[in-house]
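Chemist: just to be clear, the model below is a prediction. Sequence and coordinates:
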Amino acid sequence: MEFKTIIEPFRIHSVAPIQMTTEADRKRYIEAVGYNLFSLQSDNVLIDLLTDSGTGAMSRNQWAAIQHGDESYAGSPSWELFRNAVQNLFPFKHVIPTHQGRAAEKILFTAVGGKGKFIPNNTHFDTTRANVEYSGAEAFDLVIAEGRDAANLHPFKGNMDVVALEKFILEKGVENIPVVMMTITNNSGGGQPVSLENLRAVSAICKKYQLPLFLDACRFAENAWFIREREPGQQDRDVADIVREIASLADGMTMSAKKDPLGNIGGWLALNDDDLASVCRNLLILTEGFPTYGGLAGRDLEALAVGLTEIVSHDYLKYRIQSTAYLGNALLAGGIPVVQPIGGHAVYIDAKALLPHIPALEYPGQALAIELYKVGGIRGCEIGTVMFGRKPDGSEVPSAMELVRLAIPRRTYTQSHIDYVIEVCLAVKEKASKLRGYRIVQEPAALRHFTATFEPI
Ligand SMILES: *Cc1c(COP(=O)(O)O)cnc(C)c1O
């Protein structure tokens with residue numbers, strides 16, 4: 001028999017306490033930090049859905065592997081285990097370990113970016129865009145039109161618009177495009193997957209113009225699971241096999257091991273090109289470390305090697321994708337607009353639709369995220385005009401979508417935690433028309449969402 005309750009495919013082995021707070025406490029805490037959820041002490045958060053990055057629970061085998069870590073400066077066996085685990089799924093010739101994903105981005109775009117260069121992606125993640133722009137290059141998002149429409153039910157809303165990509169290449173000139181990126185799953189676009197068919201088409205265009213294709217592969221396993229579930233002809237494949245096919249279509253990747261590799265820290269850059277790899281390794285030595293450990297300890301490399309075997313488990317992925325959908329579908333059923341279909345690692349509430357009375361430049365996503373914290377101690381993350389609205393020329397432009405992301409840490413919260421989140425969201429929905437916008441009191445030059453301070457209007 002099939003039962004409707006999704007059980008977590010693990011038992012709890014070690015616990016971390018949650019410190020209880022009241023609504024009155026939380027109003028004080030959030031005001032004291034200038035209404036920036038990133039500035040809260042995490043002890044003052046009940047359910048922390050700020051990010052799924054590095055916040056997951058490691059397995060007992062990963063903790064055991066930590067004890068096995070070899071901290072030799074060069075040529076550690078922990079490095080070999082890590083490299084083999086990466087190449088088992090992504091058989092790129094060179095693997096360059098970094099302390100997290102953005103370090104891999106910084107190295108790649110320092111090597112290939114710069115003024116006069118243009119870098120297309122389905123949707124650049126915020127650190128990716130910031131690293132492209134910091135190098136002097138320009139970042140462009142070419143996701144399909146369905147991917148910008150929160151209510152559209154397209155099964156692969158992360159797909160690249162291949163017609164737009166080819167036009168972009170011809171307009172900007174092949175010589176000015178050092179790399180084409182594909183983010184799987186498309187985090188900023190709602191955690192939406194990319195189809196194999198689309199990856200094959202993008203790969204073919206890249207080959208036609210001899211452009212390297214790089215994956216921003218943070219959630220490769222979730223993406224591969226969606227391919228297995230949704231793409232015709234893929235239903236009987238092993239997820240690891242789908243991942244290897246995805247890798248075969250690309251020339252390299254940047255990676256945050258804080259996502260699907262089930263690590264609390266880590267990342268890598270991998271690629272086939274020998275010359276570019278040598279430039280990147282030299283940059284790695286400048287800022288991260290020797291090429292056999294990068295920014296990581298031997299014990300981290302060991303934990304990631306184990307995580308990479310656990311993440312492609314079908315039992316895990318089935319639970320992961322279904323449990324995220326459980327939250328999203330419950331919000332939908334309660335009349336809260338969310339990005340559909342429900343993505344892999346997060347549920348994205350459409351704050352523009354829920355708070356139509358708050359203009360974009362008064363940050364409806366921020367207003368909603370603050371209210372979820374005050375009412376229920378839930379910490380989500382605005383993905384909208386606060387995150388993307390400030391342009392490199394200093395102007396402020398409303399983002400295409402105003403979302404609040406509730407990201408689900410891997411193997412961390414139980415169904416009763418999620419049932420509580422659902423109740424809190426429904427309570428906030430009831431008072432939606434009374435919520436007001438915010439103005440920014442001060443902000444830094446780049447990536448303002450991390451440190452800006454706000455006040456209610
Ligand atoms: C998290 C993430 C990154 C950056 O990785 P960090 O480990 O946070 O530096 C890049 N791209 C995507 C799609 C991500 O989700």
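Modeler: Okay, I see it. Numbering: from 1, shown residues only.
Chemist: find the nearest non-adjacent residue to residue 118, please.
Modeler: Leaving aside its chain neighbours, residue 118 sits nearest to residue 172 (4.4 Å; criterion: C-beta to C-beta, 6 or more residues apart in numbering). C-betas here are computed from N, CA, C, even on glycine.
Chemist: ok, residue 44 next?
Modeler: Here the residue nearest residue 44, using C-beta to C-beta, 6+ apart, is residue 29, at 4.8 Å.
Chemist: for the one you found, give me its contacts.
Modeler: The contact partners of residue 29, taken as C-beta atoms under 8 Å, 6 or more residues apart in numbering, are 21, 40, 41, 44.
Chemist: quick one: which of these is the most crowded by neighbours?
Modeler: When neighbours are counted by other C-beta atoms under 10 Å, residue 40 leads those with 20 neighbours.
Chemist: with residue 356 as the reference, measure out to that residue.
Modeler: Going from residue 40 to residue 356 by C-beta to C-beta, to the nearest Å gives 28 Å.
Chemist: ditto for residue 290
Modeler: Distance, residue 290 to residue 356, by C-beta to C-beta: 54 Å.
Chemist: more neighbours: these two, which one.
Modeler: The residue with more neighbours, out of residue 290 and residue 356, is residue 290; 15 against 11, by other C-beta under 10 Å.
Chemist: doesn't that one fall inside a helix?
Modeler: No. Going by DSSP: H, G, I helix; E, B strand; the rest coil, the assignment for residue 290 is coil, not a helix.
Chemist: so the residue nearest to it when sequence neighbours are not counted: helix, strand or coil?
Modeler: Leaving aside its sequence neighbours, residue 290 sits nearest to residue 74 (C-beta to C-beta, 6+ apart; 5.7 Å). Following three-state DSSP, the label given to residue 74 is coil.
Chemist: I figured residue 74 hits residue 285, correct?
Modeler: No. Using C-beta atoms under 8 Å, residue 74 is not in contact with residue 285; the gap is 11.6 Å.
Chemist: neighbour count winner among these two?
Modeler: Here residue 74 and residue 285 are compared on neighbour count by other C-beta under 10 Å; more neighbours surround residue 285, at 12 against 9.
Chemist: isn't that one right next to residue 292, touching?
Modeler: No. The criterion here is C-beta under 8 Å, and residue 285 misses it with residue 292 at 11.1 Å.
Chemist: ok, now which ones touch the residue of the stretch 301-450 of the chain found nearest the ligand?
Modeler: Distances between the stretch 301-450 of the chain and the ligand by C-beta to the nearest ligand atom are smallest at residue 345, namely 8.3 Å. Contact analysis of residue 345 by C-beta under 8 Å, 6+ apart lists 52, 185, 187, 191, 219, 222, 259, 320, 324, 407, 408.
Chemist: surely residue 303 is in contact with residue 60?
Modeler: No. Applying C-beta under 8 Å, one finds residue 303 not in contact with residue 60, separated by 11.4 Å.
Chemist: look at the residue in the chain that the ligand sits nearest to and say how many residues are nearby.
Modeler: In the chain, no residue comes nearer to the ligand than residue 101, which is 2.4 Å away by C-beta to the nearest ligand atom. Residues lying near residue 101 (other C-beta under 10 Å) number 26.
Chemist: circling back: and the residue nearest to residue 44, what's its pLDDT?
Modeler: For residue 29, the pLDDT comes out at 98.
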